Each structure stands twice: as structure tokens, then as C-alpha cells.
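[1] Whatever this is, show me its structure:
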Amino acid sequence: MHKESQEILQQLQQVIHGKEAVLQSVWLTFLAGGHVLLEDLPGVGKTTLAKAFSQVISLEEKRVQLTPDTVSSDLTGFMIYNQQHGSFTLKKGLVMTNILLADELNRTSSRTQAALLEAMQEKQVTVDDTTYTLPVPFHVIATQNPSGSIGTQPLPLAQLDRFMTRLSMGYPSTEAQIMMLKNHHHATTKCIQAVATKEQFIEWQQEVNNVSISDAIFAYVTALTEATRAHANVQYGISPRGALALCQYARARAFYFGRSFVIPEDIIESFIDVCNHRIVAGTQQQTVSILQDILQQVPSPDNILIGK
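    From the prediction side, this is the model:
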């Protein structure tokens with residue numbers, strides 16, 4: 001297992017109790033170069049999560065509370081006239097950071113959503129016909145209130161597809177909440193120690209890109225995605241972008257466990273986190289159930305073939 005990744009998760013567990021699986025999923029998403037969508041109620045630790053991750057890998061972090069009044073230029077930036085120099089200069093927007101926590105994405109306007117999601121996809125913003133490259137790395141942790149909450153509007157599937165994973169922290173367990181209450185004044189993000197530099201993190205991401213995937217695994221991913229498209233209870237199946245995200249996340253998982261190649265277990269363990277928001281199939285519970293059924297129905301390749 002990747003030693004530094006273990007140390008990073010141990011640091012994070014000091015301030016976020018009982019959510020080891022979520023922390024690991026967010027970390028794998030970042031290693032894979034992706035963005036995270038958290039669907040949760042307020043007060044379960046999303047802001048703490050973003051701050052803790054930025055500190056443990058020495059990244060800059062910003063937060064924006066999205067509302068119906070938030071405009072796209074708040075995120076992308078805008079030009080202001082400098083009277084002293086007699087020219088226009090860029091007032092940088094909130095996306096000019098390494099980790100952006102975009103709170104309540106489904107409360108803001110579709111135009112603002114589109115501006116953020118374009119920045120996520122293209123890694124750049126355009127202001128007054130001039131293109132500006134975003135900092136490297138750039139990751140978004142976006143949150144949305146559960147569907148049906150007052151003042152929310154569902155994100156279109158095309159926008160959801162740009163998030164590598166959709167996760168839910170949920171309420172803490174009894175033991176975790178007791179631990180949180182006992183350590184509330186001591187276990188703050190200030191106690192988080194940096195485990196890696198930004199340069200090391202970027203290097204790990206490059207190593208993830210070099211993790212190999214065999215033809216048998218590519219065929220397995222294709223079979224899984226085609227099964228979602230052919231399923232009788234699925235209106236829209238997993239897109240090619242979703243298949244690419246699944247492969248990249250599986251690479252990150254293989255790297256995390258100290259391997260230079262992907263095995264079927266990486267795909268199986270990644271499938272639901274990466275794909276649960278990419279199909280249209282009723283409620284969230286129904287979607288997860290369908291994905292679990294597909295995993296059981298589609299045969300995985302023989303481990304012996306992997307790595308060849």
C-alpha cells in the first residue's frame with residue numbers, strides 16, 4: 001500500500017471520525033485528477049473535509065456559498081479598470097485555487113453551474129475573450145442538497161457526468177459522534193500536518209496515469225457500461241466519459257494499493273462510486289441496486305490475465 005496515502009488518511013481521520021471509506025474515495029478521486037460531488041445535508045463536515053485535504057497536501061483552498069444570486073463572474077473573475085495604469089486588469093475569480101468547495105451547487109442558476117463545470121472540464125476560464133489557465137492541480141468538491149429540498153433544481157445529466165464520483169458522508173455513527181463531541185475543541189484542522197508538498201502530489205497523479213490496464217480489463221469495463229445501456233429499467237446508461245472515469249479511478253486505486261496494473265477488484269470496488277450518478281434509473285437506492293445486479297451478472301476476467 002502507498003505509504004504516504006496511508007499517512008494522509010490517518011491525518012484526516014483526526015478531524016473526520018468514522019468516515020474512512022468516504023475519505024479514501026475522495027483521496028482516490030483526487031489522485032485520479034477528478035472532482036467530487038457530495039450529496040448531503042448541512043453540518044456533516046463537508047467544509048472540514050475540504051480544508052483538511054488542502055492542508056495535508058499543501059494546497060490552496062477556497063469556498064463559495066452558491067445562491068440564486070451568485071453570478072458566473074464570481075467564479076471565473078472579471079476585468080476592472082485600473083485608473084493608475086490606464087488599463088484593464090483581471091480580478092481573479094474563486095476558481096483560481098487548488099481545491100474549491102462549491103457549496104449547494106443545485107441552488108444556483110444554470111448559467112453559474114455551467115461556468116463552474118466548464119472550468120472543471122477545460123481547466124481554464126475565459127474572461128473578455130482572454131483565456132486563463134487554472135492552477136495545477138485543480139479539484140472541486142461540490143455539494144448539493146438532497147433532491148426535493150426547497151429551492152433546489154436537479155443538475156442535468158451532462159453536468160453530473162463531469163464529476164468523477166458522487167459520495168455521501170451521512171450522519172456519523174454513535175461512536176464517531178461521541179468521539180467528535182469529546183474532541184471538538186482539540187481536533188480542528190489546525191492539528192492537521194502536511195504529509196506531502198503540492199509537487200509530490202502532482203508527481204503521484206502522473207504515476208497514476210502510468211498504471212497499466214490490460215485488454216481484458218478494458219473489455220470488462222466495456223461490458224459493464226454496455227450492460228447499463230441495455231438494462232430494461234435504465235433510461236440512460238453510462239457514457240464513454242463515464243467509462244474513462246472508471247478506468248482512471250481504478251488506476252488510482254491500484255496505485256493506492258501499491259500495484260502498477262489494474263485488477264478486476266479495482267473495477268468492481270470503483271463501479272458504484274464512479275457510476276451511481278451517471279445513469280437515469282429512478283431513485284438513488286434503485287440506481288445502486290441496478291449497478292450491484294450488473295456487477296453480479298457481468299463476468300469479470302480471470303486474474304491470471306491481468307498484467308499481461
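
[2] and whichever strand or helix holds Val221, what other elements does it pack with?
    Following DSSP states H and E, one finds Val221 within helix 215-230. Secondary-structure packing of helix 215-230 (3 or more C-beta pairs under 8 Å, 6 or more residues apart in numbering; DSSP states H and E): helix 240-256, helix 264-275, helix 284-297. (Each C-beta comes from the backbone N, C-alpha and C, glycine too.)

[3] contacting residues for the residue nearest to Gly258 when sequence neighbours are not counted?
    Of all residues not flanking Gly258 in the chain, Met1 sits nearest, at 5.3 Å (C-beta to C-beta, 6 or more residues apart in numbering). When contacts are counted by C-beta atoms under 8 Å, 6 or more residues apart in numbering, Met1 touches 256-258.

[4] just the buried members of those?
    Tyr256 (16 or more other C-beta atoms under 10 Å).

[5] Reformat the contacts of Met1 as CSV; add pLDDT and distance to Pro154.
    What follows is these, written out as CSV (pLDDT from 0 to 100; distance: C-beta to C-beta, whole Å):
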residue, pLDDT, distance to Pro154
Tyr256, 98, 32
Phe257, 97, 35
Gly258, 96, 40
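
[6] Sort out which one of the contacts of Met1 lies nearest Ile268 for me.
    For the contacts of Met1, the residue nearest Ile268 by C-beta to C-beta is Phe257; the value is 13.4 Å.

[7] Torsion angles phi and psi at the closest one?
    The phi/psi pair for Phe257 (degrees, to the nearest 10) reads phi -90, psi 10.

[8] And it, how close does it get to Thr131?
    38 Å (C-beta to C-beta, to the nearest Å).

[9] Met164 too?
    Separation of Met164 from Thr131 (C-beta to C-beta): 24 Å.

[10] Tell me which of these two has more neighbours.
    Met164 (29 against 9; other C-beta atoms under 10 Å).

[11] low-scoring pLDDT stretches of the stretch 101-250 of the chain, where are they?
    Scanning the stretch 101-250 of the chain for pLDDT under 70 picks out the ranges 147-152, 184-189.

[12] what ranges do the strands span in it?
    Per DSSP state E, counting those that start in this stretch, the stretch 101-250 of the chain carries strands over the ranges 124-127, 130-133, 139-144, 165-167.

[13] Good, we can wrap up now.
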